[in-house]
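Colleague: need a 3D model of the sequence below.
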Amino acid sequence: MYFEALKMMKLIRRYALMIAAIICCSCYGADEPNLEAIFQLPLAPAGMTISPKGTYIISVSSDEKPENRVIEVSKTGESKPFPNIAIAQGKPGEQLVIDSIKGMQSDKQGNVWMLDNGRRSELPPKVVAWDYDHGRIHRVFNLVPPVVLPGSLLDDLALDPEQPYLYLTDPAKGADAALIVLDANTGAARRVLQGHPSVVPVTGLDLVIDGKKIQTLRLDGSVADPQGGVNPIALDRKGEWLYYGPMRSLHLYRIRTEHLRNVNLSPEKLAGLVEEYSAKPICDGISLDSKGNVYVSDLASKAIGVIAADTKNYRIIITDSRLLWPDGLCFGVDGRLHFFTNVAKARAMFGTKFNTLENQETNYLFHIETPASGRVGD
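Modeller: Sure thing, here's the model as predicted:
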């Protein structure tokens, strides 16, 4: 069903692009980039990276209960399970079982790295690297306590371009949010900065979209404070600085990766090395270009914004009514910034208010041109 629906979307792509261009050009100034809708996606995506061939590797939201957890979509819209049918569908007896993928990134060696939080089937979380060119498992790292907690919900990853390290986000239950540092040489992992202001959500900071405030209801009908711990994460071009922050926060932070790799630093010393970098909106994803500009998925404004490297000021560069929960920001082989919208995420967060939002039925895959490009798949 997924493949047939996606194939049908190609038939109306030309008309969708014409409409998108009309909307963008008529509503905004000359400095705004053209927002191009590449595909409409039948099921909500959760994560995305781009392969060295320029194809899209997309994980499907576990909220959709998809048959294929991850798919590969060609530039022409043809799709297939990734990395193969058995693994993508979690067939019993497979050497590798993919359960619930969100964070994804490709490296310059052609490996596709995937963060599996295991929450669809309550499996132990893990990091998987798939050798794209040779069609085989490259690495698997299982994450166990005390690195992960009973309430862990691993969300995203950043792959160091120079050092054999990965940095993972765990928003957990909010107050116990943390970063995870994974040594890809040894498999050793450490949980760091747990409970630090740079990773925990800001209490009382509301996310409002189309005038509707997110409210999470408890079983007794009372209103709970929605969580939104550390989520957006990305590295600069050389891998010297890690940029990150809580989703539900108005601040972006950074720390030198050499400090995160230093096992001899005390928790207190490491915490003191975190820098408050800039203001940001409530966001779910970020990506950096080669000049250090930080692109941001602005949830409340249905927009993509940028934090300029020279001024550290934030501004919106493109907004559109279709940008309902933008995420998955990464650069492609064409040098453009690619991202998607996730209707299922918005539906889960808004509950009964979801039907009052605009453009709540369609997941899109977009791209825009930016002043500079970044690493492919990041």
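Colleague: my guess is Lys80 meets Glu72, correct?
Modeller: Yes. Between Lys80 and Glu72 there is a contact under CB atoms under 8 Å: 5.6 Å. Using the backbone N, CA and C atoms, a C-beta is placed for each residue, glycine as well.
Colleague: who has more neighbours, those two?
Modeller: The neighbour comparison of Lys80 against Glu72 (other CB atoms under 10 Å) goes to Glu72, with 20 against 16.
Colleague: who's in contact with the nearest residue to Leu288 once chain neighbours are set aside?
Modeller: Once flanking residues are discounted, Leu288 sits nearest to Ala234: 5.1 Å by CB to CB, 6 or more residues apart in numbering. Applying CB atoms under 8 Å, 6 or more residues apart in numbering, we find Ala234 in contact with Ala158, Leu242, Tyr243, Tyr244, Ile286, Ser287, Leu288, Val294, Asp378.
Colleague: of the residues you listed, which is the nearest to His196?
Modeller: Distance to His196, by CB to CB, is smallest for Tyr244 among those, at 10.7 Å.
Colleague: who does the closest one form a beta bridge with?
Modeller: With DSSP bridges as the criterion, Tyr244 is bridged to Ile233, Tyr253.
Colleague: residues near it, how many?
Modeller: Residues within reach of Tyr244, counting by other CB under 10 Å, total 25.
Colleague: can you check Pro267 too?
Modeller: 13.
Colleague: surely it touches Arg191?
Modeller: No. With contact defined as CB under 8 Å, Pro267 does not count as touching Arg191 (10.0 Å).
Colleague: in the stretch 251-378 of the chain, which spans are strands?
Modeller: Ranges of strands within the stretch 251-378 of the chain are 251-256, 275-279, 283-288, 294-298, 303-307, 314-319, 326-331, 337-341, 363-368, based on DSSP state E, counting those that start in this stretch.
Colleague: which strands and helices lie in contact with the fifth one?
Modeller: Under the contact criterion of 3 or more CB pairs under 8 Å, 6 or more residues apart in numbering; DSSP states H and E, the helices and strands touching strand 303-307 comprise strand 275-279, strand 294-298, strand 314-319, strand 326-331.
Colleague: output those as TSV; include the columns mean neighbour count, distance to Pro201 and mean pLDDT.
Modeller: Shown next, in TSV, are those (neighbours: other CB atoms under 10 Å; distance: least, CB to CB, whole Å; pLDDT from 0 to 100):
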stretch	mean neighbour count	distance to Pro201	mean pLDDT
strand 275-279	16	16	98
strand 294-298	26	16	98
strand 314-319	18	19	97
strand 326-331	25	17	97
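Colleague: gap between the residue positioned nearest the centre of the chain and Ala188?
Modeller: Note on the chain: the residue nearest the mean C-alpha position is Gly328, at 4.2 Å, using CA atoms, centre = their mean. As judged by CB to CB, to the nearest Å, Gly328 and Ala188 stand 29 Å apart.
Colleague: surely Ser51 touches Trp130?
Modeller: No. In this structure, Ser51 is not within contact of Trp130 by CB under 8 Å, at 10.1 Å.
Colleague: what touches both of these two?
Modeller: Joint contacts of Ser51 and Trp130 (CB under 8 Å, 6+ apart) are Val112.
Colleague: and these two? which has more neighbours close in?
Modeller: For Ser51 versus Trp130, the count of surrounding residues by other CB under 10 Å is larger for Trp130: 25 against 19.
Colleague: beta partners of that one?
Modeller: Bridge pairing for Trp130 - DSSP bridges - gives Val112, Ile137.
Colleague: following the lowest-mean-pLDDT helix or strand in the chain in sequence, what is the next regular element?
Modeller: When the helices and strands of the chain are scored by mean pLDDT, DSSP states H and E, helix 13-27 comes last with a mean of 37. Next helix or strand after helix 13-27 toward the C-terminus (DSSP states H and E): strand 36-41.
Colleague: continuing past that following strand, what's the next helix or strand?
Modeller: Going down the chain from strand 36-41, the next helix or strand is strand 45-50, by DSSP H and E.
Colleague: by contact count, what packs against the following helix or strand past that next one?
Modeller: Counting by DSSP H and E, the next helix or strand C-terminal to strand 45-50 is strand 56-60. In terms of contacts (3+ CB pairs under 8 Å, 6+ apart), strand 56-60 is packed against strand 45-50, strand 70-73, strand 101-106.
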